[in-house]
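Chemist: Here is a sequence together with a model predicted from it:
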Amino acid sequence: MRYGMVIDQQKCVGCSGCVFGCKAENHTTEDINWCDKIITTSGKYPDVQFEYVSTMCNHCDNAPCVNGCPTQAMHKGEGGLTLHDPDKCIGCKACMVNCPYGVISFNWEKPHQRWQEDTGIAAGSFTPAAMLKEAGGDGSPQSNPESARSYPSMRSRGTVEKCTFCTHRLKVGLNPACVEACPSGARVVGDLDDPDSDVSRLIRKYDGKPLRPDLGTGAKVFYIRSYTPSRRT
């Protein structure tokens, strides 16, 4: 069993729903996105082309981040996923240096610090700290106890973090949050070792390719077809 994902660029509408779905599910801060995007424009007006490519951890079979981690904080887990143990992380950023896709983030400060502030906007309003206490969240009112079952909801200053493929959801038979949040069904997840799975069929049908196949990392996020935004005439 090896989990993989197919992203259909022709179905993608560039709405960033996957980005916000991931952020809400996994309690990332404003400046950290486990699911992100590459936006490029080319050409000269009026002949300008726009491309949107959704990105995330590729959970590589031959993961450079795992090979470069001196403490095995980055490791291979069940289903071939590339996972991170923050208790073993020493913040050396070797994984970030080794990752050729730029999808690992670093906590330079303690996440969600603003929710510790005890100053309100106006008389009678909730302070951030009071709202956090009332909501009972872990670090912020938006923390998700479900995701905390497989990865700490509050990461520590001086450690890295990245996409987990929503292992807490996979374990109970659910799709990752980014898949559920996509309004056009551009994302499909499944078993790459099963030739009859939807992901395997799509890769064969459309000759799916990962980002930078020349790197030989065995990336398990595949892209099919091309991004085709509507054009006004």
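Modeler: Noted; the coordinates are in hand.
Chemist: List the buried residues for the helix or strand of the chain with the lowest mean pLDDT?
Modeler: Taking mean pLDDT, DSSP states H and E as the measure, the chain has helix 128-135 as its least confident helix or strand, at a mean of 85. Residues of helix 128-135 classed as buried by neighbour count (16 or more other Cβ atoms under 10 Å): 128, 132. Every residue, glycine included, has its C-beta placed from N, CA and C.
Chemist: cool, stretch 29-46 as well?
Modeler: For stretch 29-46, by 16+ other Cβ under 10 Å, it's 29, 32, 33, 34, 35, 36.
Chemist: again, but for stretch 105-113
Modeler: For stretch 105-113, a neighbour-count test (16+ other Cβ under 10 Å) marks 105, 106, 107, 111, 112 as buried.
Chemist: Quick one: end-to-end distance for that stretch.
Modeler: 17 Å (Cα to Cα, to the nearest Å).
Chemist: contacts for it?
Modeler: 27-29, 32-34, 91, 93, 96, 139-140, 154-162 (Cβ atoms under 8 Å, 6 or more residues apart in numbering).
Chemist: Check these for burial and list the buried ones.
Modeler: Those of the contacts of stretch 105-113 that meet the buried threshold are 27-29, 32-34, 93, 96, 139-140, 154-155, 158-162, by 16+ other Cβ under 10 Å.
Chemist: Filter the contacts of stretch 105-113 down to just the ones in helices.
Modeler: residue 96 (DSSP state H).
Chemist: Narrow the buried residues of stretch 29-46 to those in strands?
Modeler: residue 36 (DSSP state E).
Chemist: what would the buried residues of stretch 29-46 look like in a markdown table with distance to residue 189 and pLDDT?
Modeler: Shown next, in a markdown table, are the buried residues of stretch 29-46 (distance: Cβ to Cβ, whole Å; pLDDT from 0 to 100):
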| residue | distance to residue 189 | pLDDT |
| --- | --- | --- |
| 29 | 25 | 94 |
| 32 | 22 | 97 |
| 33 | 19 | 97 |
| 34 | 15 | 98 |
| 35 | 13 | 98 |
| 36 | 18 | 97 |
